[in-house]
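Student: the sequence isn't on hand, but the structure is:
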C-alpha cells in the first residue's frame, strides 16, 4: 500500500476527515480529531468505532479491542463488533506466528503468514514485520517501500530505523535486489508516481530532528548563542510539525517542544536543562502538561498540590510562560520523586531547590495556597489528582476564583473515590488482584466503599481522601464557573467485568444512592473559566 494523499473537502464531517487522514497514513492526526469528538460525547459509537480502527492500524490491539467493546455498548452493531474482535485476534496470532518463523530462520513462511495478515487488515505493525520478512527474503525494494511508509508515521521508531539501516547496508554490499522483472518494474513505477515520497514536510522534519537537536546542544555547550538561536528559530518555524508526534514520550521531541513552544528563544534558553527534560520524559512528567497544553501555552501556571514539583519542567516544555508549584509536603532538599510511568519512587537527581536554580521560571513553595503573595494571580490553576485529597475542597474550588486572571482557567483531573481503585492502594488494576490476600480483599471490588465509614479517624481514607462524590464536585464547579469541558473517563473493560449484578446489589444495599456511573467513572477532567 503506497503512501497517498486523500483530498479533504469543506463538506467532510470530522469523522470523514479522520477516515481520510487514516487513508493518507496519518493516524495520529486522525486520532486527535476522533478524541476531540469523544471528549464532548464519550458514548459516540461511530467515533469509538473509528478510534478502534485507528488503534488497530497502529498495532495497539489491546486498546482497540477495549474500544470496539465500548462502541458496541454505545450502539454499534453487535455483529460488526464481533467481526472486528475476531479479526484482531487472528491478526495478533498471525503476527506472533510470523515473528516466530523469523526467529526460527523460516523467512519464506514468515512472509506468507504476514502477507495474509496484511490482506485481512493492513496495519502499520503488520507492515513493520512484513518488512523484516521481505528483508530476510532478499526483497530489498519491497522491504524498503514498507519501511519508508512506516517511518513517515513514526520517524523515531528504533526498530524501523534499524531495519532501514540494514536494508541500506545490504544494498551497498549486494546492489539492487533481484526481484521478478514485472514486480521490479511495477515498484519502480509506483515510486515514480508517488510525488510525496520523501517529501512530506512533517516526516522530513521529524527524521532530521535528532541531528538538529544534537547541533543545538553542541552550540549551547560551546556558548555559541547566535548559532543556538539559529537552530531554535528553525525549530520554532516547524512548530506545527510537532503535532504529528507525542513529544511527551521522546527526548528529542521533548527538547524540540521546549524551544518550539516557548514564548521566546531567550526564555527557552534561560530554562533549558537537557538532563531534567530527559528525566521528565522518563518519569512521565510531560504527559499531563501536554494533555492540557491549549490552556497553558504562553501562560502563567499555578499547580496546587504539585507533589515534588517535577511537573514544572513538563509545563515549560509545553510552552508555559512560568510555573509555580505549591505543596505543604514538598521537601525542597530531597531528590526523591515518583516515577509516574512505573508508579514507584525514584531519584530525579536534583532537588526542588536545584530545579529553581537551573530553571528561573519555575517557582516551588513548600506551603498552602494561603502562603502565596496576597495579590498573586495566574492564567491557569491546575490540580492533577489532587482534588480527591483536599479536605477543604468544597472551599478551595470556589476560592480559586481569586487566583485567576480574567481570562484564566481552572483545570483539574479528579480521581473518583467510588471507582474500583479509588482507594489509592494495591491492587490498582484487576489483573493485580490476588484473591485471598487480606490487604487486597479488604479494598478490591469496591469493598473500600463498604469499610470506609467504620475506619478510625487516623486511617488513610480519613486523613488523605475526602471521599467527595462525583456529582458534588461537579455541582460545586458548575455553580462557581463556566465549565468549558467536563469529561468523565470510564474505567477499563476489565473493571466493568468485576461489577457483576451481585456486586452491584451488595453496594446498593449499603447505599441505594450509588449508581453504576458512580462506580465505573474512574476520573473526571474539568476545564472551567470565570463567570
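Tutor: Here it is on my side, so go on. Computed from a predicted model, the values in this text were never measured in an experiment. Numbers count the residues shown, from 1 in each chain.
Student: the stretch 401-531 of the chain: helices as residue ranges?
Tutor: 438-441, 447-451, 460-463, 470-480, 493-496, 501-510, 516-520 (DSSP state H, counting those that start in this stretch).
Student: need the three-state assignment for residue 379.
Tutor: strand (DSSP: H, G, I helix; E, B strand; the rest coil).
Student: quick one, what contacts it?
Tutor: 296, 299-301, 321, 404-405, 407-409 (Cβ atoms under 8 Å, 6 or more residues apart in numbering). Quick note: C-beta positions are derived from backbone N, CA and C, even for glycine.
Student: then residue 89?
Tutor: Taking Cβ under 8 Å, 6+ apart as the definition, residue 89 has no contacts.
Student: switch the cut-off to 10 Å
Tutor: 61, 65 (Cβ atoms under 10 Å, 6 or more residues apart in numbering).
Student: state the mean pLDDT of the strand or helix carrying it.
Tutor: Taking DSSP states H and E as the definition, residue 89 sits inside helix 78-103. For helix 78-103, the mean per-residue pLDDT is 88.
Student: can you check stretch 134-142 too?
Tutor: pLDDT averaged over stretch 134-142 gives 83.
Student: spell out for me which residue occupies the centre of this protein.
Tutor: residue 287 (6.0 Å; Cα atoms, centre = their mean).
Student: which intervals of this protein have sub-threshold pLDDT?
Tutor: 1-12, 121-122, 153, 171-200 (pLDDT under 70).
Student: list the buried residues for stretch 492-505?
Tutor: Neighbour-count burial for stretch 492-505, counted by 16 or more other Cβ atoms under 10 Å, picks out 492-493, 495-496, 499.
Student: distance from the chain centre to stretch 259-275, please.
Tutor: Stretch 259-275 sits 23 Å away from the centroid of its parent chain (Cα atoms, centre = their mean, to the nearest Å).
Student: whoops, stretch 241-258 was the one
Tutor: 12 Å.
Student: please apply the same query to stretch 474-487.
Tutor: Distance, centroid of stretch 474-487 to centroid of chain: 24 Å (Cα atoms, centre = their mean).
Student: let's have the buried residues of stretch 492-505 in TSV, adding distance to residue 94.
Tutor: Formatted as TSV, those follow (distance: Cβ to Cβ, whole Å):
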residue	distance to residue 94
492	25
493	23
495	30
496	28
499	34
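Student: out of those, who's nearest residue 118?
Tutor: The closest of the buried residues of stretch 492-505 to residue 118 turns out to be residue 493 (Cβ to Cβ; 27.4 Å).
Student: contacting residues around residue 37?
Tutor: 13-15, 18, 44, 46-48, 50-51.
Student: at 6 Å what do you get?
Tutor: 14, 44, 47 (Cβ atoms under 6 Å, 6 or more residues apart in numbering).
Student: so the nearest residue to the first one once chain neighbours are set aside is in which element?
Tutor: Take residue 14 and drop its neighbours on the chain: the residue closest to it by Cβ to Cβ, 6 or more residues apart in numbering is residue 33, 5.3 Å away. In this structure, residue 33 is located in helix 27-40 according to DSSP H and E.
Student: so what secondary structure elements neighbour the helix or strand that that helix is followed by?
Tutor: Sequence-wise, the next helix or strand downstream of helix 27-40 (DSSP H and E) is helix 45-58. With contacts taken as 3 or more Cβ pairs under 6 Å, 6 or more residues apart in numbering; DSSP states H and E, helix 45-58 sits against helix 14-23, helix 27-40, helix 61-74.
Student: roughly how far does the residue nearest to the centre of the chain sit from residue 81?
Tutor: Distance, residue 287 to residue 81, by Cβ to Cβ, to the nearest Å: 30 Å.
Student: look up how far residue 501 lies from residue 72.
Tutor: Taking Cβ to Cβ, one finds residue 72 at 19 Å from residue 501.
Student: same deal with residue 228?
Tutor: On the measure of Cβ to Cβ, residue 228 and residue 501 end up 64 Å apart.
Student: repeat that for residue 246.
Tutor: Counting by Cβ to Cβ, the gap from residue 246 to residue 501 is 39 Å.
Student: so where do the strands sit in the stretch 151-300 of the chain?
Tutor: Along the stretch 151-300 of the chain, the segments classed as strands by DSSP state E, counting those that start in this stretch run 300-304.
Student: now for the nearest residue to residue 468 once chain neighbours are set aside, how many residues are close by?
Tutor: Leaving aside its chain neighbours, residue 468 sits nearest to residue 393 (6.1 Å; criterion: Cβ to Cβ, 6+ apart). Residue 393 has 19 neighbours, counted by other Cβ atoms under 10 Å.
Student: given the longest strand anywhere in the chain, what are its sheet partners and their directions?
Tutor: Ranked by number of residues, the top strand in the chain under DSSP state E is strand 404-415. If you go by DSSP bridges, strand 404-415 pairs up with strand 378-384 (parallel), strand 521-530 (antiparallel).
Student: chain center to the longest one: distance?
Tutor: Same thing as strand 521-530. That offset, for strand 521-530, works out to 17 Å (Cα atoms, centre = their mean).
Student: and the angle from it to helix 27-40?
Tutor: 80 degrees (axes from the mean of the first three to the mean of the last three Cα atoms, to 10 degrees).
Student: again with the shortest one
Tutor: Using the same axes, to 10 degrees, the interaxial angle of strand 378-384 with respect to helix 27-40 works out to 90 degrees.
Student: how far away is the closest residue to residue 479 other than its chain neighbours from residue 483?
Tutor: Nearest non-adjacent residue to residue 479, counting by Cβ to Cβ, 6+ apart: residue 398, 7.9 Å away. Distance, residue 398 to residue 483, using Cβ to Cβ: 14 Å.
Student: cool, residue 30 as well?
Tutor: For residue 30 relative to residue 483 (Cβ to Cβ), the value is 28 Å.
Student: residue 29 now?
Tutor: From residue 29 to residue 483 the distance is 28 Å (Cβ to Cβ).
Student: who has more neighbours out of those two?
Tutor: residue 29 (18 against 14).
Student: how about the contacts made by the more buried one?
Tutor: Taking Cβ under 6 Å, 6+ apart, one finds residue 21 in contact with residue 29.
Student: ok, now the one 5 residues further on?
Tutor: Counting by Cβ under 6 Å, 6+ apart, residue 34 makes contact with 18, 47, 50-51.
Student: swap the cut-off to 10 Å and go again
Tutor: 14-15, 17-19, 21-22, 44, 46-55, 67.
Student: give me the buried subset of these.
Tutor: 15, 17-19, 21-22, 44, 46-55, 67.
Student: spatially, what comes nearest to residue 285 if we skip its sequence neighbours?
Tutor: Residue 285 sits nearest to residue 314 (Cβ to Cβ, 6+ apart), 4.3 Å away.
Student: quick one: contacts for that neighbour?
Tutor: Contacts of residue 314 by Cβ under 10 Å, 6+ apart are 248, 254, 258, 276-277, 280-281, 283-290, 303, 320, 323.
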